[in-house]
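1. here is my input; please provide its structure:
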Amino acid sequence: MKTLEKTNPSQSLESLIEDFWKNDDLVNQSVKSEPTVNIIDKNGVYKVTVSAPGFKKKDFKVAVEDGSLIISAETSAEKKEEKENYVRKEFSASSFARSFRLPDNITLGHIKANYKGGLLNITINKNNLDKKEVKEIKIR
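-> Next up, the predicted model:
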């Protein structure tokens, strides 16, 4: 059972709104700047897994430039609802960019990426890399 709290009638609307946002765990959890990444070195392959739910395959850009693996994504959504006496328009936008220095022993032509179930998986075969070469990787 919830207890009643005495409210201060002189408390400003701004402080009420500030308290609401400060104490809202759902809002605080959703404000995350970049996704988590796991990198595994196994059997001649580097496996990079990026946890990025809420994105679509088309939102991602994966590239190798100047010896670095660059992973970025950007998405936005908008919902507008009009009813009898009110109009509500909600929107959201999310983006991130991560980069990782690649070792010299990879094959640039054998990098593959796919996105499924909120996970972006990138496999990088080991061999040689020309660090000045730029290559964009298609996501399946």
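2. which residues does the residue nearest to K138 when sequence neighbours are not counted bridge with?
-> Spatial nearest neighbour of K138, excluding adjacent residues (CB to CB, 6 or more residues apart in numbering): A113 at 7.2 Å. To be clear about C-beta, it is placed using only N, CA and C from the backbone, and glycine gets the same treatment. A113 has the following beta-bridge partners by DSSP bridges: I122, I139.
3. my guess is A113 contacts I137. True?
-> Yes: the criterion here is CB atoms under 8 Å, and A113 meets it with I137 at 5.0 Å.
4. what residues are shared contacts of the two?
-> Contact criterion CB atoms under 8 Å, 6 or more residues apart in numbering; residues shared by A113 and I137: V62, I122.
5. burial of the residue nearest to K138, as a residue count?
-> Residues near A113, counting by other CB atoms under 10 Å, number 20.
6. could you give the mean pLDDT of stretch 40-60?
-> What stretch 40-60 shows for mean pLDDT is 92.
7. name the next helix or strand downstream of the helix or strand bottoming out on mean pLDDT in the chain, please.
-> Within the chain, no helix or strand scores below helix 25-30, which has a mean of 44 by mean pLDDT, DSSP states H and E. Where DSSP states H and E defines the elements, the next helix or strand beyond helix 25-30 is strand 37-42.
8. mind exporting that following strand as PDB, just the C-alpha atoms?
-> Extracted in PDB, the C-alpha atoms of strand 37-42 (Å, rounded to 0.1, in the frame of the first residue of the first chain):
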ATOM      1  CA  VAL A  37      31.000  -4.500 -27.800                       C
ATOM      2  CA  ASN A  38      32.600  -7.900 -27.400                       C
ATOM      3  CA  ILE A  39      35.800  -8.800 -29.400                       C
ATOM      4  CA  ILE A  40      37.000 -12.400 -29.600                       C
ATOM      5  CA  ASP A  41      40.200 -13.600 -31.200                       C
ATOM      6  CA  LYS A  42      39.600 -17.200 -32.200                       C
END
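9. in whichever helix or strand comes after it, what counts as buried?
-> Using DSSP H and E, the helix or strand that directly follows strand 37-42 along the chain is strand 45-51. Judged by neighbour count using 16 or more other CB atoms under 10 Å, the buried positions of strand 45-51 are Y46, V48, T49, V50.
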